[in-house]
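K.L.:
sequence and predicted structure below; questions after.
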Amino acid sequence: MSLVDRIQVVDPGEAALAELMLMQFLARWRAVQPPIYGHFGPVPQETPLMYPAGTEPRALWSNRSRPTASSMRNVDSGCDADVILQFPKA
């Protein structure tokens, strides 16, 4: 199942916009050819394709890098959570 197929299952109203955003991102990636894709270490000097959302991009990147979520929490509507009022003792 592709990413767009999954979005169609989870939230059909968002599938067209998500596909457009994905296609724009991929087109930009092909056009720019960044020297690095990104990582979780110190902020690099060279412009990465992506950087962790919540960190400050360098001014010299000139808005060519995109903030990217580093956690998949709350991404899939099929996820369930339970509140734990007491933690098991180890």
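P.N.:
Great, that's in hand.

K.L.:
drop to CA atoms for contacts and neighbour counts, all remaining ones
P.N.:
Will do.

K.L.:
Tyr51 - that's part of a helix, no?
P.N.:
No. Tyr51 is assigned strand when assessed by DSSP: H, G, I helix; E, B strand; the rest coil, not a helix.

K.L.:
how about the helices in the protein?
P.N.:
3-10, 15-32 (DSSP state H).

K.L.:
now render those helices as JSON lines, adding mean pLDDT, distance to Gly41 and mean neighbour count.
P.N.:
Shown next, in JSON lines, are those (pLDDT from 0 to 100; distance: least, CA to CA, whole Å; neighbours: other CA atoms under 10 Å):
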{"stretch": "helix 3-10", "mean pLDDT": "90", "distance to Gly41": "27", "mean neighbour count": "14"}
{"stretch": "helix 15-32", "mean pLDDT": "90", "distance to Gly41": "21", "mean neighbour count": "13"}
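
K.L.:
and Ile84, which of these is closest to it?
P.N.:
Each of these has some distance to Ile84 by CA to CA; the shortest is helix 3-10, at 26.8 Å.

K.L.:
distance to Met50 added to the helices of the chain, as TSV?
P.N.:
Formatted as TSV, those follow (distance: least, CA to CA, whole Å):
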stretch	distance to Met50
helix 3-10	19
helix 15-32	10
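
K.L.:
closest one to Leu85 among those helices?
P.N.:
helix 3-10 (30.0 Å).

K.L.:
tell me what that closest one is packed against?
P.N.:
helix 15-32 (3 or more CA pairs under 8 Å, 6 or more residues apart in numbering; DSSP states H and E).

K.L.:
where does the chain dip in pLDDT?
P.N.:
72-81, 87-90 (pLDDT under 70).

K.L.:
so how far is Ser71 from the residue nearest to Pro67 when sequence neighbours are not counted?
P.N.:
In space, and not counting its chain neighbours, Pro67 is closest to Ala53: 4.5 Å by CA to CA, 6 or more residues apart in numbering. Ala53 sits 10 Å away from Ser71, going by CA to CA, to the nearest Å.

K.L.:
who has more neighbours, these two?
P.N.:
Between Ala53 and Ser71, counted using other CA atoms under 10 Å, the more crowded position is Ala53 (13 against 9).
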